[in-house]
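Q: Sequence and predicted model, in that order:
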Amino acid sequence: MKNQVQLITYADRLSGGGLPELHALLRAPLAGVFGAVHILPFFHRVDGADAGFDPIDHTQVDAQLGGWHDIKSLTQDVDVMADVIVNHMSSDSPQFLDYSAKGADSEYAGLFLTFDAVFPQRATERELLGIYRPRPGLPFTHATLKNGEHRLLWTTFTPKQIDIDVHSPAGQQYLQGILRALSDNGIRMVRLDAVGYAIKRAGTSCFMMPETFAFIGEFAQQAKALGMEVLVEVHSHYRQQIEIAQRVDWVYDFALPPLVLHAFAFKTAERLKHWLSIRPANALTVLDTHDGIGIIDIGSAAADRAGNPGLVPDDELDHLVDWVHDNSRGQSREATGAAASNLDLYQVNCTFFDALGGDERAYLLARAIQFFVPGVPQVYYVGLLAGANDMELLQRTGVGRDINRRRYAMGEAERELDRPVVQALLELIRLRNTHPAFSGRFELLDTDGQTLSMRWRQRDSFAELTLHLGSLAHSLRYSAEPGVPERMVLFGRIAADATLP
């Protein structure tokens, strides 16, 4: 994986078209800006119950977006990451429809998880309440199959997303077929979506168990044999993230977004600096993704709030959520928790720009922090354009996450790229991509509680960011070519009056 900033985007929501239009956007005006692009699910179909995360056919490109030839063409210009949705598939998939029609006589009868498959001897109340699920209620859906049978299907997320048995012969064949399809079409990086829920065993939480780690390791070996690196996507207590990072190629630093917001909200760098001193380095850093801003990643463990404290005390976390709601003028509150149909218990739905109250200087400083933190940065397409909450889309769909899943019309993104705040962000991205210091050694400098100072150094090259959280006074200094004095970036007109000496 290149040590350069990556773009996260849907194939159709940034370009106003499909894969060809996205490719054109990355060729110009975003030529050379990103080292890779993570294209969110582009499989058949992208307009299901969960924006493509409920694939009907995970081995086919949705014809609305283009075809595999478009993916192959794109990989000639930029590295491409794709999702492997390991936990479930659509109830409209050919496999499930065959199972629904034939029941036990279907060749896919063992592919789909039922209550009985995990609890053949029945389950106790304690066992059921011990199952971890990121939404209210138990992960089961009563279904009447087309053959008249009544089954209790395992559905971790929605009734349209049927969990699969990844260890069954049909499950193994299914997942191997996905990897081959991606590899054959030039994909060299895969993200394991919802993999933390992939293994179920009676008497456990059915989330991130030793068996889950074993499955991740097995799957990663299959991917590596096809020349692909693996990124694991798991929202969990921070200690679990550290453990996961020791066993896989890459993890997300999901603790970073809420900790950056915490630094601005409480005007202190202490919580963030503590995390920087213990976090794994093999991480993709993000401030925003297609999901909400994670809370569980810095909070206490849900099962034992007293025994497993988080990176932030519970009262501070509650205040932080209210602070985001206030900054967004209450918009995030309309999209979060019980106010939205996707009742995630661990996320606040809001664009990162609006989470900071639309403050351009604070937003650019947050991005600077992200780019200085060790790891490979990813920038979400709405964040790239410093996008605001899409209340119209939220009201139309009633899906909380849609507040941060805007659909830009044809040519709209090009116009947004001309905004000064976006131009400044592009300048930061280019600096992060090209300056040799970022391939060297990272230092978290010793400062007072309100000041964050980070430095990268390689031989005679250096880059240093210093930020005072109380005043937002800051400096970004970096070396130039040999014999040329060092330079300082002041984020253009929006920060000219707020720099450190």
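A: Yes, it's here.

Q: And for the closest residue to Thr451 other than its chain neighbours, the neighbour number?
A: Computed as CB to CB, 6 or more residues apart in numbering, the closest residue to Thr451 that is not its neighbour in sequence is His468, at 5.1 Å. C-betas here are computed from N, CA, C, even on glycine. Number of residues near His468 (other CB atoms under 10 Å) recorded here: 19.

Q: again, but for His435
A: Neighbourhood size, His435 [other CB under 10 Å]: 18.

Q: Give me the phi and psi for it.
A: Per-residue torsions, His435: phi -80, psi 130 (degrees, to the nearest 10).

Q: In contact with it, which residues?
A: Applying CB atoms under 8 Å, 6 or more residues apart in numbering to His435 gives the contacts 456, 461, 463, 478.

Q: Show residues contacting stretch 167-175.
A: Contact with stretch 167-175 is made by 58, 84, 86, 89, 95, 107-108, 110-111, 164-166, 199, 215, 219, as judged by CB under 8 Å, 6+ apart.

Q: Could I have the buried ones of the residues you listed as PyMOL selection syntax?
A: Only the buried entries of those go into this PyMOL selection, using 16 or more other CB atoms under 10 Å:
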select buried, resi 58+84+86+89+95+108+110+111+164+165+166+199+215+219
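
Q: Sort out which one of the contacts of stretch 167-175 lies nearest Arg126 for me.
A: Nearest to Arg126, judged by CB to CB, of the contacts of stretch 167-175 is Ile199 at 19.6 Å.

Q: so how far is Ala31 from the closest one?
A: Relative to Ala31, Ile199 is positioned 43 Å away (criterion: CB to CB, to the nearest Å).

Q: returning to that earlier point: most neighbours among the contacts of His435, please name it.
A: Going by other CB under 10 Å, Ala463 tops the contacts of His435 with 25 neighbours.

Q: I'd assumed it was in a helix, is it?
A: No - counting by DSSP: H, G, I helix; E, B strand; the rest coil, Ala463 falls outside a helix, being strand.

Q: Go ahead and confirm it touches Gly440.
A: No - counting by CB atoms under 8 Å, Ala463 stays clear of Gly440, with 9.1 Å between them.

Q: Quick check: neighbours shared by those two?
A: Shared contacts of Ala463 and Gly440, defined by CB under 8 Å, 6+ apart, comprise Trp456.

Q: What number of residues are in the vicinity of Ala368?
A: By the measure other CB under 10 Å, the count of residues near Ala368 is 22.

Q: Please identify the helix or strand for it.
A: Following DSSP states H and E, one finds Ala368 within helix 360-372.

Q: Name the surrounding residues that touch that helix.
A: Contacts with helix 360-372, where a contact means CB under 8 Å, 6+ apart, come from 5, 256, 260-261, 263-264, 272, 285-287, 352-353, 356, 377, 379, 386, 420-421, 424-425, 428-429, 431-432, 452, 454, 456, 463, 465, 467, 472, 474, 476, 491, 494-495, 498.

Q: before we move on, back to that, and of the contacts of stretch 167-175, the nearest to Gly17?
A: Among these, and counting by CB to CB, the member closest to Gly17 is His58, at 22.6 Å.

Q: Wait, that closest one touches Phe43, no?
A: Yes - His58 lies in contact with Phe43 (CB under 8 Å); the separation is 5.1 Å.

Q: still on that earlier bit, can you redo the contacts of His435 as JSON lines with distance to Arg247 and pLDDT?
A: Formatted as JSON lines, the entries for the contacts of His435 read as follows, by distance: CB to CB, whole Å; pLDDT from 0 to 100:
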{"residue": "Trp456", "distance to Arg247": "27", "pLDDT": "97"}
{"residue": "Ser461", "distance to Arg247": "33", "pLDDT": "92"}
{"residue": "Ala463", "distance to Arg247": "31", "pLDDT": "95"}
{"residue": "Tyr478", "distance to Arg247": "35", "pLDDT": "93"}
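
Q: Nearest residue to the middle of this protein?
A: With distances taken as CA atoms, centre = their mean, Thr289 lies nearest the centre of the chain, 4.5 Å away.

Q: how far away is that residue from Ile56?
A: 23 Å.

Q: What of Phe43?
A: Distance from Phe43 to Ile56, counting by CB to CB: 8 Å.

Q: can you tell me which residues contact Ala24?
A: The neighbours of Ala24, taking CB under 8 Å, 6+ apart as the test, are Ser15.

Q: Going forward, count from 476.
A: New numbering, starting at 476: the last item is Ala499.

Q: next SSE after the helix or strand where it lies?
A: Here Ala499 sits within helix 494-502, counting by DSSP H and E. The first helix or strand that comes after helix 494-502 along the chain, using DSSP H and E, is strand 511-514.

Q: Enumerate residues external to that following strand that contact any of its residues.
A: Here strand 511-514 has contacts from 476-477, 479, 481-486, 494, 497, 501, 546, 549, 553-557, 664, 666, 853, using CB under 8 Å, 6+ apart.

Q: next one: that strand to chain centre, how far?
A: Averaged C-alpha coordinates place strand 511-514 at 12 Å from its chain's average position (CA atoms, centre = their mean, to the nearest Å).

Q: what does the average pLDDT come to for the next helix or strand after it?
A: Moving toward the C-terminus from strand 511-514, the next helix or strand (DSSP H and E) is strand 518-519. Average pLDDT, strand 518-519: 96.

Q: Which elements pack onto strand 518-519?
A: With contacts defined as 3 or more CB pairs under 8 Å, 6 or more residues apart in numbering; DSSP states H and E, strand 518-519 has these neighbours: strand 532-536.

Q: And the residue nearest to the centre of the chain, what's its pLDDT?
A: You'll see Thr764 listed with a pLDDT of 96.

Q: In three-state terms, label it for me.
A: Under three-state DSSP, the three-state class of Thr764 is coil.

Q: Tell me the bridge partners for the closest residue to it other than its chain neighbours.
A: Of all residues not flanking Thr764 in the chain, Tyr855 sits nearest, at 5.5 Å (CB to CB, 6+ apart). With DSSP bridges applied, Tyr855 shows beta-bridge pairing to Ile483.

Q: Let me know how buried Tyr855 is, in neighbour terms.
A: Other residues near Tyr855 come to 24 when the count uses other CB under 10 Å.

Q: sorry, back to before: now the contacts of strand 511-514: which count as buried?
A: Among the contacts of strand 511-514, those scoring as buried are 476, 479, 481-486, 494, 497, 501, 546, 549, 553-557, 664, 666, 853 (criterion: 16+ other CB under 10 Å).
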